[in-house]
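Visitor: turn this into a model:
(3 chains)
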Amino acid sequence: MWKWIQRQSSPKIFYQTCSNLTPWFFWPFIGFLVIGLYWALIVSPADYQQGDGYRIIFIHVPSAILSMMVYAIMAIAGGIGLIWQIKMAEVVAKVSAPIGAAFTIIALVSGAVWGKPMWGAWWVWDARLTSELILLFLYLAYMSLNNAFDNPRTAAKSSSILALVGLVNLPIIHYSVKWWNTLHQGYSVGTGGLKDPDMQIALALMFVASIFLYALLVAIKAKTEVLIREQNSRWVQEEVTGASI
Amino acid sequence: MTMVEYFSFLPYGKYAFYVWLAYGISTITVITLFLSANRNHQKALINLKNKYSRK
Amino acid sequence: MTRRQNRMLLVALLLFGVFSTGYLGIKAFNENLLYFYTPTDIANGKAPVGKSFRVGGLVEKDSVQRQDMMVSFVVTDNNKSIEVKYTGILPDLFREGQGVVTSGSLTSKCIGKECKYTFLATDVLAKHDENYMPPEVAAALKSTEIKE
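Guide: Take a look at the predicted model:
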């Protein structure tokens, strides 16, 4: 196991693994997305209170879960990079940040567009919405800190510490609807809040599609990052020029 | 006529504006992310190629 | 201790420190993080009287009365309740038996020793629950509830 990890974490093997996996992430993403959208927009019935307006849930909930999951992955990969000094973990952490920030933005914007017709407000400062907004700021702070250093190792070290500190926000987001009175409703996922099987299938499909999307984007962005970091090594030169020297 | 009424000819009637706005913004964000990731990779390849050929 | 174990310990200490600070911070600011007060909070004198604040709960059945643009209804948390007066447009999801969060301030009318509190709302937001289902399922659930 340890040997396998060490082998995978060599930049060259990592780059090749990412290249090989890209189509295996891309096509399932497209597949799950198309079937998921069909289920979300056509198969699922209208809600008894919100009519067709509730359909925003199928992008809001997956992107909100992903926004937290990607942050956890980013912080853990950063922590692994700090402790075991695995460079490829640093790469995964770094390239995850903009993807996670995008998921957070989708969650916030889709939530606002949903809140306007249902609650009667685009935005309220309740605990759930505020803590999710803080998550976006954490991503942005991580990204700017990572770009503030010329040396990628120093950048990874300081930004990983920031990511680990920000980890405290995740349970706050998750439990905010339970700990405090919020305008945001409680958990629908995992508590049987979605009573209709077609609604559950649509949400599950969109969630799996989001995971493949994240994996796909990490694979592409990680390749770019590895190329730039390892530009002085021989294998990158061979990879880029397409010829052995 | 408000935007909400204007778009009510679409599926989902009075919620059409909100639903399609949310799906639209998300689609644009995802496509932008994917294209920019690919473009950055191509750019990195070209930059490195130029750098190696200068040597 | 190897250098790696040293780093591991540092990361563990960092996480421990951050989470305990977070826990203490949340305990300290618990009150400020509430988005609204319940009618029970008001009855217990926890709500800030004289300042504007928010009240949340369910709109009591058969309590909604309309007079032109003025609406009055009772917000309850199934324990205590309070009368709310509001002038303006209500959100789509405003219904009897559904959740609502209103912001405004408390007024009291006292006749002798009896005081009656009314909440003058400047803003009404609907709060929906976490359940989503087609109308047939909702109807079926309701009929079984009545049978029970």
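Visitor: so what's the residue of chain B found nearest chain C scoring on pLDDT?
Guide: As assessed by C-beta to the nearest C-beta, chain C sits closest to B:Lys14 within chain B, at 8.3 Å. Glycine gets a C-beta too; all of them are placed from N, C-alpha and C. At B:Lys14, the model reports a pLDDT of 83.
Visitor: do you know how far it is from B:Ser8?
Guide: Distance of B:Lys14 to B:Ser8, computed by C-beta to C-beta, to the nearest Å: 6 Å.
Visitor: what does A:Phe207 give?
Guide: Using C-beta to C-beta, we find A:Phe207 at a distance of 30 Å from B:Ser8.
Visitor: now swap in A:Lys221 and tell me
Guide: 40 Å.
Visitor: of the two, who's got more company?
Guide: Comparing A:Lys221 with B:Ser8 by other C-beta atoms under 10 Å in any protein chain shown, the one with more neighbours is A:Lys221, at 25 against 15.
Visitor: wait, the more buried one sits on A:Val95?
Guide: Yes - A:Lys221 is within contact range of A:Val95, at 3.8 Å (criterion: C-beta atoms under 8 Å).
Visitor: centre of the chain to the helix or strand containing B:Ile25, how far?
Guide: Using DSSP states H and E, B:Ile25 sits within helix B:16-54. Remark: helix B:16-54 is offset 8 Å from the chain centroid, using C-alpha atoms, centre = their mean, to the nearest Å.
Visitor: could you do stretch C:29-49 as well?
Guide: The chain centre lies 9 Å from the centre of stretch C:29-49; the measure is C-alpha atoms, centre = their mean.
Visitor: could you check whether that stretch is close to chain A?
Guide: Yes - interface with chain A: stretch C:29-49 contributes C:30, C:33-38 (C-beta under 8 Å from any C-beta of the partner chain).
Visitor: can you list contacts of that stretch?
Guide: With contact meaning C-beta atoms under 8 Å, 6 or more residues apart in numbering or on different chains, stretch C:29-49 is reached by A:124-127, A:179-183, C:26, C:53-57, C:75-77, C:79-82, C:101, C:106, C:117.
Visitor: buried among the residues you listed? Make that a PyMOL selection.
Guide: Here is the PyMOL command that selects the buried residues among the contacts of stretch C:29-49 (16 or more other C-beta atoms under 10 Å in any protein chain shown):
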select buried, (chain A and resi 124+126+127+180+181+182+183) or (chain C and resi 26+53+54+55+56+57+75+76+77+81+82+101+106)
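Visitor: in strands only, show me the contacts of stretch C:29-49.
Guide: Counting by DSSP state E, those place C:53-57, C:75-76, C:81-82, C:101, C:106, C:117 in strands.
Visitor: kindly present these as JSON lines, with separate columns for pLDDT.
Guide: Shown next, in JSON lines, are these (pLDDT from 0 to 100):
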{"residue": "C:Phe53", "pLDDT": "86"}
{"residue": "C:Arg54", "pLDDT": "88"}
{"residue": "C:Val55", "pLDDT": "88"}
{"residue": "C:Gly56", "pLDDT": "89"}
{"residue": "C:Gly57", "pLDDT": "89"}
{"residue": "C:Val75", "pLDDT": "90"}
{"residue": "C:Thr76", "pLDDT": "89"}
{"residue": "C:Ser81", "pLDDT": "86"}
{"residue": "C:Ile82", "pLDDT": "88"}
{"residue": "C:Val101", "pLDDT": "91"}
{"residue": "C:Leu106", "pLDDT": "84"}
{"residue": "C:Tyr117", "pLDDT": "79"}
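Visitor: pipe these into JSON lines and attach distance to B:Ile25 per row.
Guide: JSON lines is the format used below for the ones in strands among the contacts of stretch C:29-49 (distance: C-beta to C-beta, whole Å):
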{"residue": "C:Phe53", "distance to B:Ile25": "34"}
{"residue": "C:Arg54", "distance to B:Ile25": "29"}
{"residue": "C:Val55", "distance to B:Ile25": "33"}
{"residue": "C:Gly56", "distance to B:Ile25": "29"}
{"residue": "C:Gly57", "distance to B:Ile25": "33"}
{"residue": "C:Val75", "distance to B:Ile25": "34"}
{"residue": "C:Thr76", "distance to B:Ile25": "38"}
{"residue": "C:Ser81", "distance to B:Ile25": "40"}
{"residue": "C:Ile82", "distance to B:Ile25": "39"}
{"residue": "C:Val101", "distance to B:Ile25": "26"}
{"residue": "C:Leu106", "distance to B:Ile25": "40"}
{"residue": "C:Tyr117", "distance to B:Ile25": "43"}
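Visitor: so where's chain C uncertain?
Guide: Residues of chain C meeting the criterion pLDDT under 70: C:1, C:112-114, C:145-148.
Visitor: what about the helix ranked longest in it, near chain A?
Guide: Longest helix in chain C, counting residues (DSSP state H): helix C:3-28. Yes - Helix C:3-28 lies within reach of chain A by C-beta under 8 Å from any C-beta, at C:4, C:7-8, C:11, C:14-15, C:18-19, C:21-22, C:26.
Visitor: in PyMOL, how would I select just the buried ones from those residues?
Guide: Selecting only the buried entries of these in PyMOL, with 16+ other C-beta under 10 Å as the criterion:
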select buried, chain C and resi 8+11+14+15+18+22+26
